[in-house]
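Engineer: sharing a sequence plus its predicted fold:
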Amino acid sequence: MHFRLTRFFLFAALLLALAACGDNDSSKGKGAPPPPQVTVATPVKRTIIDRDEYVGRFVAVNSVEIRGRVSGYLEKVHFTDGELVKADELLFTVDRRPFQAALDQSNADLERARAQVDLANADLKRAEELIDRKTISEAIFEQRVQAKRAADAQVQSAEANVRTAALNLEFTELRSPVDGRIGDRRVSPGNLVIGGSQPSTTLLATVVSTDPIRFEFTFDEQAFLRYSRLADDGTSIDKRGVEVELRLLDESSFRHKGKLDFIDNVIDQTSGTIRGRAVLANRDGLFTPGMFARVRVPASRPFEALLVPDSAIGTEQIRKFVYVVDGENTVRQKYVTLGPLDNGLRVVQKGIEATDRVIVNGMVRARPGIKVTPQTEGEKPATPPAAK
């Protein structure tokens, strides 16, 4: 029994010694982990302009309601709903027959009035010969003169009736007053069209111009003052033809260019805003009246700014920061004041220097105060040393 216990203790001591040797060997093979690799870049220096963004709508330069000027039954529609039409293109035809008959009647009345003038001229000529010979009285001569004047007036009235009848006949053909896109027809052939100048006239269709097109938006009084003071000569922003940029709802960049051409003359007392308007080319018909978009308006003179990728910006509660690497490859945290995006980079208004090495990739591996292995953006990453 004593011999077995001795063997057991000797075996346990041997196992402990072997374990200690193994630990010493493994600790000799392992070293401290290398500093994490991060990608750094110096801020981009660029001349930029501060811009304000607003939301607005496109509006047509010309928008016309097609209504009948004369009453009658609609005879024909000469367009397809929604197509582009040219100025003076025929759109609708009202039954012309009653108006043609009225014109013929007016022409006949004019011929009868002219015949009366010829008769009155002949009577007056004979009266002038007779009055010289004292054959007729002065009263009869005056009657012949008045008859001549009445006949002349009748001719003028008949000529006016002819012109009115001709206009009414012309109004049976309704043409587009502008180039643009027409909507759908509101009345089908065979229906009665009420014409004239009353509000109850029949609306047949609408035509809106498409190229160029306007964009309207509103901005506050403070922005209006800022824009006004940008000009040294005191001219308003719309008179300077300031270029603006637009972005549609499904676009990520402000790719469309336009120019301010109008600012309203009063500030709305209810909202404290004023209306601005830009004009854009629309040759491909992409912009449609009523469509929403965002517009950027220059809000400063050109100045030099520092920019960094948006991915390099971190957030700590309500403050923004970036990580920079100092000369000893130690991470430092700098709080920054940000500006707008400019061509994919974020403007940093305050907080960094042009020589700072900003961490642009690997922020999750960086912490203030730790050592890192900085790699300049665009370089190949360094190969870590092989474990011995």
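Structural biologist: Received it, and whenever you're ready, just let me know what you need. Residues are numbered from 1 along each chain as shown.
Engineer: contacts for stretch 247-256 next, please.
Structural biologist: Contacts to stretch 247-256, defined as CB atoms under 8 Å, 6 or more residues apart in numbering, come from residues 245-246, 280, 286, 291-296. In this view, the C-beta of every residue, glycine as well, is placed from N, C-alpha and C.
Engineer: top of those by neighbour count?
Structural biologist: With neighbours taken as other CB atoms under 10 Å, the top of the contacts of stretch 247-256 is Val295, carrying 25 neighbours.
Engineer: element containing it?
Structural biologist: Assignment of secondary structure by DSSP states H and E places Val295 within strand 292-298.
Engineer: so how far is the host helix or strand of Glu142 off the chain centroid?
Structural biologist: Counting by DSSP H and E, the secondary-structure element that holds Glu142 is helix 138-171. If you compare the mean C-alpha spot of helix 138-171 with that of the full chain, they lie 57 Å apart, counting by CA atoms, centre = their mean, to the nearest Å.
Engineer: packing partners of it?
Structural biologist: Contact partners of helix 138-171 among helices and strands, from 3 or more CB pairs under 8 Å, 6 or more residues apart in numbering; DSSP states H and E: helix 97-132.
Engineer: circling back: buried residues, the helix holding Glu142. List them.
Structural biologist: 144, 147-148, 151-152, 154-155, 158-159, 161-162, 165, 168-169, 171 (16 or more other CB atoms under 10 Å).
Engineer: wait, which of those is closest to Pro35?
Structural biologist: Top of the list for closeness to Pro35, among the buried residues of helix 138-171 and by CB to CB, is Phe171 at 87.2 Å.
Engineer: quick test: name the residue nearest the centre of the chain.
Structural biologist: Here the mean C-alpha position of the chain is nearest to the C-alpha of Phe215 (CA atoms, centre = their mean), at a distance of 4.1 Å.
Engineer: so that one, which state does it fall into?
Structural biologist: Three-state secondary structure (criterion: DSSP: H, G, I helix; E, B strand; the rest coil) places Phe215 in strand.
Engineer: domain assignment for this structure?
Structural biologist: Here the domain parsing of the chain from automatic domain parsing is 37-47+303-376, 51-61+211-298, 96-171.
Engineer: quick one: end-to-end distance for the shortest one.
Structural biologist: Start-to-end span of domain 96-171 (CA to CA, to the nearest Å) is 9 Å.
Engineer: for the second one, same thing?
Structural biologist: Terminal residues of domain 51-61+211-298 lie 4 Å apart, using CA to CA.
Engineer: report the rounded mean pLDDT for that domain.
Structural biologist: Across domain 51-61+211-298, pLDDT averages out at 88.
Engineer: and if you look at the last one?
Structural biologist: Taken as a whole, domain 96-171 has an average pLDDT of 88.
Engineer: how long is stretch 308-326 end to end?
Structural biologist: Distance across stretch 308-326, first residue to last, is 17 Å (CA to CA).
Engineer: for the domains of the chain, which one sits closest to Val77?
Structural biologist: The closest approach between Val77 and any of those, judged by CB to CB, belongs to domain 96-171 at 15.1 Å.
Engineer: follow-up on the earlier one: and the angle from the helix holding Glu142 to helix 97-132?
Structural biologist: Orientation check (axes from the mean of the first three to the mean of the last three CA atoms, to 10 degrees): helix 138-171 against helix 97-132 gives 160 degrees.
Engineer: so which bits of the very next helix or strand once past helix 138-171 are buried?
Structural biologist: Note on helix 138-171: by DSSP H and E, the next helix or strand toward the C-terminus is strand 173-175. By neighbour count, and taking 16+ other CB under 10 Å as the criterion, the buried residues in strand 173-175 are Leu174.
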